[in-house]
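In: Sequence unavailable; structure follows:
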């Protein structure tokens with residue numbers, strides 16, 4: 001039996017807006033495919049991906065030439081992604097924003113993985129791996145949905161770094177017949193080569209552009225949004241223990257780094273059970289503690305009103321020397337040096 005694949009109901013907002021732009025009745029159309037129109041107003045609701053795929057097929061058939069996919073992207077606003085959208089808007093750079101989408105992909109849907117990484121000397125890639133149905137091997141998302149999502153990533157990139165942003169190329173792991181005829185609107189929107197029959201679905205962009213400081217960069221707000229996002233993830237993805245542990249760590253760090261035994265007790269688990277569950281997820285408590293400390297530190301270091309010693313305290317280090325050693329391990333330099341470079345340059349990038 002195939003798993004139940006769903007997507008955040010917020011996706012219905014750009015989809016219904018696109019419908020209206022083509023005089024397609026949203027309420028009638030959603031009801032045809034078993035989606036309650038009230039789902040549009042539920043910020044934490046989930047919608048069956050197969051039903052959503054049927055909506056895309058129906059609307060593309062009415063409009064033709066893939067134009068509907070692009071209109072969905074043009075109608076997108078980051079707020080439809082709940083707290084993830086706000087965390088993306090306040091990220092330091094496009095690279096960090098894409099890494100956030102990849103990290104919290106379960107907010108978007110449970111039918112894909114996304115990887116954000118540097119490739120070669122010049123490229124930064126947002127690689128979109130779509131799961132496949134176990135019985136047929138067919139991708140869970142239809143080609144039209146995949147195109148709409150990649151177009152949404154491009155729209156999001158333009159919101160972050162400027163409207164003149166254009167990718168190096170778009171790649172699809174299916175042939176063009178899966179989308180129908182080529183379309184001038186699609187070509188004009190992406191404004192870059194579109195490649196088919198590739199090994200991946202991806203947006204390839206210039207690494208230096210991805211690294212540059214974004215217009216909406218705000219480390220204070222970004223930290224608040226990430227805290228809300230982690231709490232949201234604890235509700236929507238109860239199977240992922242990492243989010244629950246990270247929340248506990250964030251709450252306890254100013255009083256010192258909590259022990260693995262303390263966190264297990266707070267979560268109602270034995271130490272052995274917690275270790276086993278984390279091992280099943282391919283991680284361990286030490287890695288979660290380290291990544292949480294680093295994430296918090298890299299937000300705090302960009303806030304000039306916090307002293308280096310205060311930051312060390314906030315991320316659970318008992319003295320500045322231990323914090324300095326950890327920071328050198330993360331960034332290869334002292335925290336004071338990193339902050340000086342950050343404040344004097346808009347192009348400093350985290351590694």
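Out: Perfect, I can see it now. The structure displayed is predicted, hence computed values, not measured ones.

In: Give me the distance between residue 38 and residue 31.
Out: 11 Å (CB to CB, to the nearest Å). For every residue, glycine as well, the C-beta is placed using N, CA and C.

In: Strands of the stretch 101-250 of the chain, start to end?
Out: According to DSSP state E, counting those that start in this stretch, the stretch 101-250 of the chain carries its strands in the segments 112-119, 123-130, 169-171, 194-195, 201-206.

In: Give me the sheet partners of the third one and which way each runs.
Out: It stands for strand 169-171. Partner strands and pairing direction for strand 169-171 (DSSP bridges) are strand 194-195 (parallel), strand 201-206 (antiparallel).

In: And the ones you listed: which comes nearest residue 142?
Out: Between residue 142 and these, the shortest gap by CB to CB is with strand 201-206, which sits at 11.9 Å.

In: show me the contacts for the closest residue to residue 248 other than its chain neighbours.
Out: Counting by CB to CB, 6 or more residues apart in numbering, residue 263 is the residue found nearest to residue 248 once chain neighbours are left out, at 5.0 Å. Counting by CB atoms under 8 Å, 6 or more residues apart in numbering, residue 263 touches 245, 248-249, 274, 285.

In: Where does pLDDT dip in the protein?
Out: Along the chain, segments meeting pLDDT under 70 span 1-3, 236-239, 345-351.

In: what's the domain layout of it?
Out: Following automatic domain parsing, one finds the domains of the chain at 6-211, 239-344.

In: that older thread, nearest to residue 323 among the contacts of residue 263?
Out: Among the contacts of residue 263, residue 249 lies closest to residue 323 (CB to CB), at 15.9 Å.

In: Name the SS class of the residue lying closest to that closest one once chain neighbours are set aside, please.
Out: In this structure, residue 249 finds its nearest non-sequential neighbour in residue 292, 4.9 Å apart by CB to CB, 6+ apart. Classification of residue 292 by DSSP: H, G, I helix; E, B strand; the rest coil places it in helix.

In: So residue 292 versus residue 315, what's the distance?
Out: Residue 292 is 8 Å from residue 315, by CB to CB.

In: just residue 110 next, same as before
Out: The value you get for residue 110 to residue 315, if CB to CB is used, is 31 Å.

In: swap in residue 54?
Out: Distance, residue 54 to residue 315, by CB to CB: 47 Å.

In: Which of these two has more residues huddled nearby?
Out: residue 315 (23 against 17; other CB atoms under 10 Å).

In: chain center to stretch 58-75, what's the gap?
Out: Here stretch 58-75 is found 23 Å from its chain centre; the criterion is CA atoms, centre = their mean, to the nearest Å.

In: And the contacts of it?
Out: The contact list for stretch 58-75, computed with CB under 8 Å, 6+ apart, reads 13-15, 17-19, 21-22, 24, 29, 32-33, 56, 144, 147-148, 151-152, 154-155, 179-181, 183, 185-186, 189.

In: got a list of contacts for the helix or strand encompassing residue 340?
Out: Assigned by DSSP states H and E, residue 340 belongs to helix 335-344. Here helix 335-344 makes contact (CB under 8 Å, 6+ apart) with 297, 301-302, 304, 308, 311, 323-324, 327, 331, 348.

In: hmm, try it at 6 Å
Out: Outside helix 335-344, the residues that touch it by CB atoms under 6 Å, 6 or more residues apart in numbering are 301-302, 308, 327, 331, 348.

In: would you list every one of the helices in the stretch 1-150 of the chain?
Out: 12-21, 26-32, 49-63, 67-74, 83-89, 94-103, 105-108, 143-161 (DSSP state H, counting those that start in this stretch).

In: so which of the ones you listed gets nearest residue 222?
Out: Of those, the one closest to residue 222 (CB to CB) turns out to be helix 83-89, at 6.2 Å.
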